[in-house]
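A.B. asks: Need the 3D shape of this:
(one chain, ligands or ions: 1)
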Amino acid sequence: MQCPRCLNTDPSYFYHGSKGWYCRRCVSFGRVMLEEELEPVSLEEIRDDGQEYTLKYPLTPAQIKVSHECAERIEDTDILLKCVCGSGKTEMVLETIALMLGKHKKVCFAIARRQVVLELAERLSGIFSHAHVVPVCHGYTTVTDGDLIVCTTHGTIRFRGDSAFYNMELMKFLEDEKITYYIRAKGFESLHSEAMDDMISRGIDWKNYTPFHPYHGEFLYAIKGKQPRRILYKAYSVMKDGQISFFPVIYAIVTNDMDISPEEGMHFYELRGASENFTKELKNDFDGGHVSHKDFWKNEMDFLISAYAYNVFHLFQNMILEGKDRMITMNTFRLIFQ
Ligand SMILES: [Zn+2]
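C.D. replies: Down below sits the predicted model:
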């Protein structure tokens, strides 16, 4: 199998949906079925003097060094420039852009925010005055071909929020900005009954599902009668006083990701706050929040010992403990076993 658009052949990207096989590797550009024949794309020729550029201020010797190195190494490797804000990242890649344009290759400059795309396209067309610089983002989609294409990074930002972010205005904004979101759903009674209906219509008996092996489902739901949005949920039964509860526990999120499976979507949402929890545990359970010396280096050592102890405990959680016990924090562990 091969995707007619991105030419992917890796089977793990192919997915069988209701209409047949499609490729998930390039699905953010719209779904393309494998048997579909795509119109060949005809692209504008790169202008001959496109690589000429003028920068009104000189680069520092250090910037020049990075700039040269980028242009040299881009041929055989990916490059990540990790620099602070305002250090001139854009300026340091101009040489590389020019090099590619000189070879009659098109250059894509992708940035997350639409406003920055518009600003940067303008700036770059001043710098590369002979090249055809095109901004491509929400509201600018008629012309998508040029020498230097400045565009938004499509679908690479994923927004995860708890129920405090369950707000129509925010969802609308994220949809307009083409940002994928996963937000914990509020307004629970109606969603709860929708989820119940969904399970009933599929003949799912939630009594067979537990917190560790929940049922994952989805449905479309029009919040406050507006356009329908995709709801992912998980459902499971709990034991109470030795009896299985009559109603399932249901946990739902709303998302504009139309391709992720309910299980993957819920899993991604549940990773929310994981790092904050690690920090909290390090502070509360391993005394990582206090310093006890006057000397910086002593304090650093003190902190590192706390972090080291926490890591050892983590290793113990993941390698020795099983099931629910894995969620246990150090303080609880001390309380039970000390
Ligand atoms: Zn593809």
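A.B. asks: what about this structure, any weak spots by pLDDT?
C.D. replies: Scanning the chain for pLDDT under 70 picks out 28-30, 154-156, 187, 225.
A.B. asks: Near the ion, which residues of it are found?
C.D. replies: Residues of the chain lying near the ion by Cβ under 5 Å from the ion: 3, 5, 6, 8, 23, 25, 26. The way it works is simple: take the backbone N, C-alpha and C, and place the C-beta from them, glycine included.
A.B. asks: Checking the residue of the stretch 151-300 of the chain found nearest the ion next. Helix, strand or coil?
C.D. replies: Here the residue of the stretch 151-300 of the chain nearest the ion is residue 259; by Cβ to the ion that distance is 12.2 Å. When classified by DSSP: H, G, I helix; E, B strand; the rest coil, residue 259 comes out as coil.
A.B. asks: Distance of the nearest residue to it once chain neighbours are set aside relative to residue 17?
C.D. replies: Using Cβ to Cβ, 6 or more residues apart in numbering and skipping residues adjacent in sequence, the residue nearest residue 259 is residue 27, 5.2 Å away. Between residue 27 and residue 17 the computed distance is 10 Å (Cβ to Cβ, to the nearest Å).
A.B. asks: Okay, helices next: where are they in the stretch 151-300 of the chain?
C.D. replies: Per DSSP state H, counting those that start in this stretch, the stretch 151-300 of the chain carries helices over the ranges 168-176, 188-201, 262-270, 274-285, 296-319.
A.B. asks: CSV please, covering these and showing mean neighbour count.
C.D. replies: Below are these laid out as CSV (neighbours: other Cβ atoms under 10 Å):
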stretch, mean neighbour count
helix 168-176, 14
helix 188-201, 15
helix 262-270, 18
helix 274-285, 13
helix 296-319, 13
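A.B. asks: Quick check: which of those helices is nearest to residue 160?
C.D. replies: Closest approach to residue 160 among the helices of the stretch 151-300 of the chain is made by helix 262-270 (6.0 Å; Cβ to Cβ).
A.B. asks: Grab the CA positions of that closest one and hand them over as PDB.
C.D. replies: Taking Å, rounded to 0.1, in the frame of the first residue of the first chain, the C-alpha atoms of helix 262-270 are listed here in PDB:
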ATOM      1  CA  PRO A 262     -11.500   7.600  21.400                       C
ATOM      2  CA  GLU A 263      -8.900   5.600  23.400                       C
ATOM      3  CA  GLU A 264      -5.900   7.500  22.100                       C
ATOM      4  CA  GLY A 265      -7.800  10.800  22.600                       C
ATOM      5  CA  MET A 266      -8.700  10.000  26.200                       C
ATOM      6  CA  HIS A 267      -5.100   8.900  26.900                       C
ATOM      7  CA  PHE A 268      -3.700  12.100  25.500                       C
ATOM      8  CA  TYR A 269      -6.000  14.100  27.700                       C
ATOM      9  CA  GLU A 270      -5.100  12.200  30.700                       C
END
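A.B. asks: what's it packed up against?
C.D. replies: Counting contacts by 3 or more Cβ pairs under 8 Å, 6 or more residues apart in numbering; DSSP states H and E, helix 262-270 is packed against strand 158-161, strand 180-184, strand 215-222, strand 228-236, strand 249-255.
A.B. asks: what comes into contact with that helix?
C.D. replies: 158, 160, 182, 184, 216-218, 232-234, 251, 253, 255, 257, 260 (Cβ atoms under 8 Å, 6 or more residues apart in numbering).
A.B. asks: Could you pick out the buried ones from these?
C.D. replies: Among these, those scoring as buried are 160, 182, 184, 216-218, 232-234, 251, 253, 255, 257, 260 (criterion: 16 or more other Cβ atoms under 10 Å).
A.B. asks: Which members of these are the farthest-apart pair?
C.D. replies: Farthest pair in the buried ones among the contacts of helix 262-270 (Cβ to Cβ) is 160 and 217. Separation: 20.0 Å.
A.B. asks: what's in contact with stretch 63-81?
C.D. replies: Stretch 63-81 has contacts (Cβ under 8 Å, 6+ apart) with 59, 88, 89, 91, 92, 93, 94, 95, 96, 99, 100.
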